[in-house]
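Novice: Requesting a structural model of the entry that follows:
(chains A and B, ligands or ions: 2)
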Amino acid sequence: MTQSEEQKERSYSSTRRDFLRALLGVGGAAAALASMDRLMANPEAILEAINRATGDQATAVADFPFALDPTDPPDVLLRMQIELHRALQKRPEERRWVMVIDLRKCVGCHACTIACVAENRLPPGVVYRPVLEQEVGTFPNVTRTFLPKPCMQCDNPPCVPVCPVTATYTNEEGVVVVDYDQCIGCRACMTACPYASRTFDFGIQYVDNTPMGNGTLLGQSGVAPMELLPVFEYGRSRERVPHHSPIGNVRKCHFCLHRIKEGMLPACTLTCIGRATLFGDANDPESLVAEMIASPNVMRLKEELGTEPRVYYLV
Amino acid sequence: MTKKILYALGGVALVFGTWGFFDRFVAGHANANYGSYVVWGLWVAMYLFFAGVAAGSFMMSTLDYLFEVPLFKGTGRAMLWAALITLPAALTSIGLDLGHMERIYKVYMRPNFFSVMAQMVWGYTIFGGIILASLVVAIRFPERKKWLKPLMAFGLLFSVFLSGGVGALLGVNASRAYWHVGLLPAQFPVFSLASGAAMMLLIMGWFAPPDTRRSQQIRVLGLLTVSLAVVKLYFLWTDFSQSLYGQIPHNVDAVNQVLFGRYWWAFWIIQIALGTVLPIILLLHPKFARHSVVAGWMGLLVLFGFTAARANIVFPALTVPELEELRWAFSGPHLTFDYFPSLMEWAVTIGITGGATIAFLLGLDRLPIFSSQPREVTQ
Ligand code: SF4
Ligand code: SF4
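Specialist: Ligands and ions are numbered 1, 2, ... in the order given. You can find the predicted model right below:
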């Protein structure tokens, strides 16, 4: 670690400490949150553990936390979780990650959008998974439809060949990724994507131009440190520093590769209250997604373009 | 007098631009109005514009140095100089548009040659070298004129391919129907030639020293400009009529935006009335056809019209949503399909234009661009 990195790390830890102190200082809440005391006592240790778990080195997937009957899981989430662990035993190129979104089950709650924003600490103007809403019909036969739209992870992605520096490419698992350190921010990939799946990080913060609110939980001094917490996209911890990646880069959904690596489902899938978002390895014939994409009511967006999306919709 | 006024205007533009550059470097792209939907804005349009002028100016310089047309003898250096100034203006404009300008070296270190953009970066680098080398030979080693021919021939090829490449940069995007016409890369070299002719009209009309051939030169350049303007109008007609007839919604929306949208005036007033029709009328008018000052104005107007034309190629394809509901799906800064450049973007563009103007004039004043052609001058 260079000196300036160390300094950054130190000042960053102290803002985190301040934040945690502020958090615990609010009224009597501290007393109620007994576990927070432990956090308060040694926040560094916890952060270290987080950093260890999400560091650059691939960590072994932890054992599934509790015993389950794999033939009869009580919830699709648990089934997908088991299948995910099974898929992770294979070599990366043998898996075929796909997402299936059941539009009949989507209630338009936007929880997936928010889960994604929280997971990837997306700044204002950056979105990986908006939910498109449409009102159809005429009164009295009116309904609303909802269409969650992540990156389609096209098997034939128009965004890839246009990149002048090979910063965006399909990784060995078939997920289209962006190498933030290589990307020059030319945005050619954005114009090429037929699904508007990429957004540009303009370096804006939610707290920009808000009052400071020193010493409180509100205002910049309380909230800004949260926004500056590192992101763990692509399995690498990255702080949010002006003019540094991912600021000035193009960003997009990556199927939460960093979570998958740790044996966790993508944040949107886990959060979906309607269980409308399914995720898994389509190369596993036993998997839920393989079952679903074999149904006749499956469709993909703009099929006519030949992009071969890996995101399927059940209609 | 013209020069003095232009120096002053250029200076003011540069001062205004300095503020824009400052903002761009301090706040990054935060204060720009292009966003994640209208991905490319004014700077990309201006890049297309300046790159077209650079390629076109080079094309015009071949009249002197490659084809040795007697009427245009002695005009080559001025056109090479114009190319040498407008190429960096184009690259500055597109460079500032990059999210990480400092990483441009990566296009040389790890290029993806399937990417039109990478091809362009390499192409422009070589083209810039050719322009510079040609100018150096033309100014410093006039006795080695034979070196110029191969340079000019290569440069001409590059100027055609690079202009076409600019068209391909947009045209390869299959999902944007408004751009994805095979003709786009074919049209751009013509646009370049037209901007080169207009630039030459401007230079010959306003800056060239008196010469007995001047009125003849201006007449020929005027006719060239008029013919190319007619060709451009024909291209517009084919593009728009096909789009409207074909009824592909994305295309129809884009064309409607250009013709009747919020910025209809950019098309009808700047691009068509001022940039095309007025120059056609005046350049054909017997009273003005050979008039230097008028010719200069007409060159300027055609170039001005070109800026609107470039914008009308870049923006409309982007202001039509890929999926209509995206308009309301998620809100945030830079997530809108409406686009009008921000003050910072204007400042940067005006600054670049001002800087280029001053650099061009300095060259005319300090370099033997027109001098050392006593034969033509005194003839
Ligand atoms: S949806 Fe867009 S960004 Fe995602 S892989 Fe396809 S073309 Fe690329
Ligand atoms: S913005 Fe980045 S990822 Fe996209 S084409 Fe340009 S360099 Fe490649």
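Novice: is whichever strand or helix holds B:Ile126 anywhere near chain A?
Specialist: Here B:Ile126, judged by DSSP states H and E, is contained in helix B:116-140. Yes: contact of helix B:116-140 with chain A (C-beta under 8 Å from any C-beta of the partner chain) involves B:116-118, B:121. Placement of C-beta: from N, CA and C, glycine included.
Novice: chain center to that helix: distance?
Specialist: Chain-centre distance of helix B:116-140: 16 Å, with C-alpha atoms, centre = their mean, to the nearest Å.
Novice: how about the CA coordinates for the helix or strand following that helix, as PDB?
Specialist: As assigned by DSSP H and E, the chain's next helix or strand after helix B:116-140 is helix B:148-171. The C-alpha coordinates for helix B:148-171 follow below in PDB (Å, rounded to 0.1, in the frame of the first residue of the first chain):
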ATOM      1  CA  LEU B 148       4.600  15.800 -51.900                       C
ATOM      2  CA  LYS B 149       2.800  13.600 -54.500                       C
ATOM      3  CA  PRO B 150       2.900  10.300 -52.600                       C
ATOM      4  CA  LEU B 151       2.100  12.100 -49.400                       C
ATOM      5  CA  MET B 152      -0.900  13.700 -51.000                       C
ATOM      6  CA  ALA B 153      -2.100  10.500 -52.600                       C
ATOM      7  CA  PHE B 154      -2.000   8.700 -49.300                       C
ATOM      8  CA  GLY B 155      -3.600  11.600 -47.500                       C
ATOM      9  CA  LEU B 156      -6.400  11.700 -50.100                       C
ATOM     10  CA  LEU B 157      -7.100   8.100 -49.500                       C
ATOM     11  CA  PHE B 158      -7.100   8.600 -45.700                       C
ATOM     12  CA  SER B 159      -9.300  11.600 -45.900                       C
ATOM     13  CA  VAL B 160     -11.900   9.600 -47.800                       C
ATOM     14  CA  PHE B 161     -11.700   6.600 -45.500                       C
ATOM     15  CA  LEU B 162     -11.600   8.700 -42.400                       C
ATOM     16  CA  SER B 163     -14.700  10.700 -43.500                       C
ATOM     17  CA  GLY B 164     -16.400   7.400 -44.300                       C
ATOM     18  CA  GLY B 165     -15.300   6.100 -40.900                       C
ATOM     19  CA  VAL B 166     -17.000   8.900 -39.100                       C
ATOM     20  CA  GLY B 167     -20.200   7.800 -40.900                       C
ATOM     21  CA  ALA B 168     -19.600   4.200 -40.000                       C
ATOM     22  CA  LEU B 169     -19.000   5.200 -36.400                       C
ATOM     23  CA  LEU B 170     -22.700   6.000 -36.300                       C
ATOM     24  CA  GLY B 171     -23.800   3.700 -39.000                       C
END
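Novice: Remind me what helix B:148-171 packs against, helices and strands.
Specialist: Applying 3 or more C-beta pairs under 8 Å, 6 or more residues apart in numbering or on different chains; DSSP states H and E, one finds that helix B:148-171 makes contact with helix B:42-65, helix B:116-140, helix B:183-206, helix B:292-319.
Novice: what ranges do the strands span in the stretch 1-150 of chain A?
Specialist: Taking DSSP state E, counting those that start in this stretch as the criterion, the stretch 1-150 of chain A carries its strands at A:97-102, A:131-138, A:141-148.
Novice: Report the angle between the first one and strand A:141-148.
Specialist: Right, strand A:97-102. Interaxial angle, strand A:97-102 versus strand A:141-148 (axes from the mean of the first three to the mean of the last three C-alpha atoms, to 10 degrees): 170 degrees.
Novice: Mind checking the strands of the stretch 1-150 of chain A for the one nearest to A:Tyr169?
Specialist: Of all the strands of the stretch 1-150 of chain A, strand A:97-102 sits nearest to A:Tyr169, with 15.6 Å by C-beta to C-beta.
Novice: pLDDT averaged over that closest one - what is it?
Specialist: Averaging pLDDT along strand A:97-102 yields 98.
Novice: And stretch A:214-230, by the same measure?
Specialist: pLDDT averaged over stretch A:214-230 gives 77.
Novice: Same question for stretch A:148-159.
Specialist: For stretch A:148-159, mean pLDDT rounds to 97.
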